[in-house]
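J.: Attaching a predicted model along with its sequence, questions to come.
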Amino acid sequence: TQLLEQSPQFLSIQEGENLTVYCNSSSVFSSLQWYRQEPGEGPVLLVTVVTGGEVKKLKRLTFQFGDARKDSSLHITAAQPGDTGLYLCAGGEENRDDKIIFGKGTRLHILP
Amino acid sequence: DTAVSQTPKYLVTQMGNDKSIKCEQNLGHDTMYWYKQDSKKFLKIMFSYNNKELIINETVPNRFSPKSPDKAHLNLHINSLELGDSAVYFCASSPRQGVTGNTIYFGEGSWLTVV
């Protein structure tokens, strides 16, 4: 059983479109993180959300932590080819914050 | 300067061989990790060390043995390599243990192919 479910697994859209990817769990997390991984490289942290309902913005990227701290979303406005990559959500369960768990990722491809 | 560096980047070897991957971080972090990413891009933790002490060992076969000579280095030795060991192995480090308020810095990965 995968603790963090990400959807969709794959997404290919045209430049300029908006998109949202999701990270869901039945467990409560003390915090959730989003990473982006480009081909041939390791994941790089984009953001950490800690408080239920928290919203953080990083230029055209908006991250939200669910009120119950069981889910998170990443919304990209006016997607650009440079946004292409594998987006991973990760977090520590409320009673096991020592171990970070990764979702399987959403592979995003932005077509020019 | 590379923060987390691992070598080799690419490794092709035959079944049954023994190989090592080395990792060094120059960030002064206390915690280091080894992750395995399979062909479907699923990233799974294998080991974590804090100040040279093993903290997490996630049901990894005994053929995998991490070694941390000091807190800046965490090497991974693999005995009797099997086809299923083919994957990308990422070394990573973070200032401390835990998730909240912590950032994990990943190396570029070591692409292991067992033939």
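T.: Right, received. Where do you want to start? Numbers count the residues shown, from 1 in each chain, chains lettered A, B, ... in the order given.
J.: what residues are up against the residue nearest to residue A:45 when sequence neighbours are not counted?
T.: For residue A:45, ignoring the flanking residues on the chain, the nearest one in space by CB to CB, 6 or more residues apart in numbering or on different chains is residue B:103 at 5.1 Å. Any C-beta I mention is one placed from the backbone N, CA and C, and that applies to glycine too. Going by CB atoms under 8 Å, 6 or more residues apart in numbering or on different chains, residue B:103 touches A:45, A:48, B:94, B:95.
J.: so who does the second one touch?
T.: The neighbourhood of residue A:48, defined by CB under 8 Å, 6+ apart, consists of A:31, A:32, A:33, B:100, B:101, B:103.
J.: What helix or strand is the second one located in?
T.: Secondary structure from DSSP states H and E places residue A:32 in strand A:29-37.
J.: Run me through the strand neighbours of the next helix or strand after that strand, direction for each.
T.: The helix or strand immediately downstream of strand A:29-37 is strand A:44-49, counting by DSSP H and E. According to DSSP bridges, strand A:44-49 forms sheet pairs with strand A:29-37 (antiparallel).
J.: Which positions in the strand it pairs with come out as buried?
T.: A:29, A:30, A:31, A:32, A:33, A:34, A:35, A:36, A:37 (16 or more other CB atoms under 10 Å in any protein chain shown).
J.: Just the mean pLDDT for that strand, thanks.
T.: Averaging pLDDT along strand A:29-37 gives 93.
J.: Send over the strand holding residue A:32 as CSV, restricted to the C-alpha atoms.
T.: Provided in CSV are the C-alpha atoms of strand A:29-37 (Å, rounded to 0.1, in the frame of the first residue of the first chain):
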residue,chain,number,x,y,z
PHE,A,29,1.3,14.2,8.2
SER,A,30,3.2,16.6,10.3
SER,A,31,4.4,18.3,7.1
LEU,A,32,4.4,17.8,3.4
GLN,A,33,7.1,18.7,0.9
TRP,A,34,7.2,19.0,-2.8
TYR,A,35,10.3,18.2,-4.8
ARG,A,36,11.0,18.5,-8.5
GLN,A,37,13.4,16.1,-10.2
